[in-house]
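Peer 1: okay, here's the prediction I keep looking at, along with the sequence it came from:
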Amino acid sequence: MTLDSYAAAVADLDPDRGAVETAELVVTDDVLVKAFVLGPDATVEPHEHADATNVFHVVEGEPTVIRDGEEESLAAPAVVENARGAVHGARNDTDDRAVLTASIAPLN
């Protein structure tokens, strides 16, 4: 048994070009932690959570993170806070996979 919910869930994910694969790492009444594995040229479309903070943790690769119209390429490790109501997303402009987790709290 391991305490790590990331390694087993994400290790075998290998999305094709333009595709995103996801895995739920933690789901409780208080928080959702989800992994997003972006293949080359893949995008997590910008969206918002009006009632929750969303924190991206870049754990592999170099995705471009988008927040409220700003974009920044970030190499792992990196952490980006997306406040309630912030329009946020990510894309992978590289030829390697990029992995980020998103923690969303509180859950309503």
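Peer 2: Nice, thanks for sending it over.
Peer 1: where does this protein have its least confident helix or strand?
Peer 2: helix 7-10 (a mean of 90; mean pLDDT, DSSP states H and E).
Peer 1: other SSEs contacting that one?
Peer 2: Judged by 3 or more CB pairs under 8 Å, 6 or more residues apart in numbering; DSSP states H and E, the packing partners of helix 7-10 are strand 20-27, strand 32-38. For the C-beta atoms, the positions are set from N, CA and C on the backbone; glycine is no exception.
Peer 1: same thing but 6 Å
Peer 2: Packing partners of helix 7-10 (3 or more CB pairs under 6 Å, 6 or more residues apart in numbering; DSSP states H and E): strand 20-27.
Peer 1: please save the CA atoms from the strand it packs on in PDB.
Peer 2: Below are the C-alpha coordinates for strand 20-27, written out as PDB (Å, rounded to 0.1, in the frame of the first residue of the first chain):
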ATOM      1  CA  VAL A  20      -6.400  15.300 -22.500                       C
ATOM      2  CA  GLU A  21      -6.700  12.300 -20.000                       C
ATOM      3  CA  THR A  22      -7.900  12.900 -16.500                       C
ATOM      4  CA  ALA A  23      -7.900  11.000 -13.200                       C
ATOM      5  CA  GLU A  24      -9.500  11.900  -9.900                       C
ATOM      6  CA  LEU A  25      -6.900  11.700  -7.100                       C
ATOM      7  CA  VAL A  26      -8.900  12.800  -4.100                       C
ATOM      8  CA  VAL A  27     -12.600  13.200  -3.800                       C
END
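Peer 1: hmm, back to that, what are the buried residues along the least confident helix or strand of the chain?
Peer 2: By 16 or more other CB atoms under 10 Å, the buried positions in helix 7-10 come out as 9, 10.
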